[in-house]
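> model this:
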Amino acid sequence: MKTKSFFKLISTTLLVTMLGINSLNANVWRVNNRDGVDADFTNIMHAHNSGTVQEGDTLYVEASSGSHGDVDLTKKLVIIGPGFFLAENPETQADQNSAVIGSLTFKDGSQGSIVKGCRIENVDIKTSDIILQGNRIRNTEDIVQAVRLGENINNIIIKNNYIVELASYTINNSAIRGRETGMNNVTIKNNYIYHTDRFRRSLSFGSGFSGTIENNVLHGEAIVRNAEFHNNILREGDFSPTNTNYTHNIGNNDQFGTENGNQQNVDMDDVFVGAEGNSTDGQWQLAEGSPAIGSGVDGTDIGMFGGDNPFKLSGVPNIPAIYEIEHTINYENQEIEVEFSTKSHN
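Now for the predicted structure:
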């Protein structure tokens, strides 16, 4: 018991330090739905609705083989999971399960919230000032999208996520879709965004969209309006821009032409390292001699691993992680020696 309590104290202290929590009143809470685990809460929504968790607090959602169900946020929270594809990449987490969420909805009152390091079915952003970072989002539900942006919202950041849309119920189905009006200052950067059907849409935005889309790897038609569109790789699918400045992009066809640093008819086998011997997300790293190396704006690399905020394998958040545990039991002295291997994942 002493060991468990001591570890919990260390974990909470490290989390507060690494997260850089500004408010002295903000707290970090553990959420774990495994039987027998001594956590603060067993469910994200229970924590949210408890009255104990306050605006600006952090929920550290620990690995589990089961889902936490749907989550509707109406207060400002930071929610952090352990990452995804953890068994495929080295030195991630000792427990290779993810923190699983069903449908995640940001509602009025949740402005300023951050969610990262989780595995999510789909996301609906209905309010402003939201950061969605380093998550795996994989939608299979017909009609809805992996990520949906509502009307009259501002200051949305979607970065370092692995987003996959598998549903193809309608022709308008998109991995990320925005409504017609009022989506201002939206940043979509350093993501993998994939629609399983190249004739469907990786991105689809109405006339009310404005923002920056850069350093993404895309599969599926990209319908983009009122945007700065740079350093992206379109593996396959059409590009349909309106009032959009697009430079230093790479396409497998003639989607971008050859002006303004754009490259066309590029063989994608020459761009990426490929799936063989690499993780699901690691396969999109640039191959040696890739035409994307140094070909972006200001000489940066094109794609999700380029720019000033490169994609991080497995989406492991920048908090201390235990990626290996070894223990020895001395029955004679009734002692347990435990050795942890840790990494900060800055």
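> So residue 212 versus residue 283, what's the distance?
As judged by CB to CB, to the nearest Å, residue 212 and residue 283 stand 26 Å apart. No exception for glycine: its C-beta is placed from N, CA and C like everyone else's.
> got it, and residue 301?
In terms of CB to CB, residue 301 sits 16 Å off from residue 283.
> and what of residue 306?
Counting by CB to CB - residue 306 and residue 283 are separated by 16 Å.
> Looking at those two, which is more packed in?
Between residue 306 and residue 283, counting by other CB atoms under 10 Å, residue 306 is the more crowded of the two (25 against 14).
> That one contacts residue 215, doesn't it?
Yes - in this structure, residue 306 is within contact of residue 215 by CB atoms under 8 Å, at 5.1 Å.
> Identify the contacts common to these two.
Shared between the contact lists of residue 306 and residue 215 (criterion: CB atoms under 8 Å, 6 or more residues apart in numbering) are residues 190, 231, 296, 300.
> filter those to the buried ones?
190, 231, 296, 300 (16 or more other CB atoms under 10 Å).
> Reformat the residues you listed as TSV; add distance to residue 181 and pLDDT.
Below are these laid out as TSV (distance: CB to CB, whole Å; pLDDT from 0 to 100):
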residue	distance to residue 181	pLDDT
190	27	98
231	28	98
296	32	98
300	33	98
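> which sections of the stretch 151-300 of the chain are below the confidence cut-off?
Applying pLDDT under 70 to the stretch 151-300 of the chain flags residues 169-172.
> how about the strands of it, start to end?
For the stretch 151-300 of the chain, the strands defined by DSSP state E, counting those that start in this stretch cover 153-159, 162-165, 174-178, 183-189, 192-195, 201-204, 209-214, 217-219, 221-225, 227-230, 233-236, 239-242, 245-247, 250-251.
> Could you provide those in CSV, with additional columns for distance to residue 103 and mean neighbour count?
Formatted as CSV, the strands of the stretch 151-300 of the chain follow (distance: least, CB to CB, whole Å; neighbours: other CB atoms under 10 Å):
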stretch, distance to residue 103, mean neighbour count
strand 153-159, 16, 21
strand 162-165, 14, 26
strand 174-178, 15, 26
strand 183-189, 20, 21
strand 192-195, 19, 27
strand 201-204, 19, 27
strand 209-214, 23, 23
strand 217-219, 23, 27
strand 221-225, 24, 24
strand 227-230, 27, 22
strand 233-236, 27, 23
strand 239-242, 28, 16
strand 245-247, 32, 16
strand 250-251, 33, 26
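> now what about stretch 29-37, what contacts it?
Outside stretch 29-37, the residues within contact range by CB under 8 Å, 6+ apart are 8, 11-12, 39-44, 47, 52-53, 57-62, 64, 66, 68, 99.
> what do you get if the cut-off is 7 Å, keeping everything else the same?
39-44, 47, 53, 57-62, 64, 66, 68 (CB atoms under 7 Å, 6 or more residues apart in numbering).
> And those, which of them are buried?
By 16+ other CB under 10 Å, the contacts of stretch 29-37 give 39-44, 47, 53, 57-62, 64, 68 as buried.
> Flag the least confident of those.
When those are compared on pLDDT, residue 64 comes out lowest, with 85.
> If residue 213 is in a bridge, with which residues?
For residue 213, the residues forming beta bridges with it (DSSP bridges) are residue 188, residue 229.
> Provide a list of residues in contact with residue 135.
Residue 135 neighbours (CB under 7 Å, 6+ apart): 115-118, 120, 161, 315.
> Mind giving me the PyMOL select for those residues, buried ones only?
With 16+ other CB under 10 Å as the burial test, the buried ones among these are selected in PyMOL as follows:
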select buried, resi 115+116+117+118+120+161+315
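> Dump the contacts of residue 135 into JSON lines; add distance to residue 221 and secondary structure as well.
Shown next, in JSON lines, are those (distance: CB to CB, whole Å; DSSP: H, G, I helix; E, B strand; the rest coil):
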{"residue": "115", "distance to residue 221": "27", "secondary structure": "strand"}
{"residue": "116", "distance to residue 221": "28", "secondary structure": "strand"}
{"residue": "117", "distance to residue 221": "30", "secondary structure": "coil"}
{"residue": "118", "distance to residue 221": "28", "secondary structure": "coil"}
{"residue": "120", "distance to residue 221": "23", "secondary structure": "strand"}
{"residue": "161", "distance to residue 221": "19", "secondary structure": "coil"}
{"residue": "315", "distance to residue 221": "26", "secondary structure": "helix"}
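> and which of the contacts of residue 135 is nearest to residue 262?
When those are ranked by distance to residue 262 (CB to CB), residue 161 comes first, at 24.5 Å.
> and the gap between the closest one and residue 279?
16 Å.
> In CSV, could you pull the C-alpha coordinates for stretch 293-302?
Extracted in CSV, the C-alpha atoms of stretch 293-302 (Å, rounded to 0.1, in the frame of the first residue of the first chain):
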residue,chain,number,x,y,z
ILE,A,293,12.6,16.8,-47.7
GLY,A,294,13.4,20.5,-47.5
SER,A,295,10.8,21.4,-50.2
GLY,A,296,8.4,23.2,-48.0
VAL,A,297,7.9,26.9,-47.1
ASP,A,298,11.3,28.3,-45.9
GLY,A,299,13.0,25.0,-46.6
THR,A,300,11.1,22.9,-44.1
ASP,A,301,10.0,19.4,-44.8
ILE,A,302,6.6,18.8,-46.3
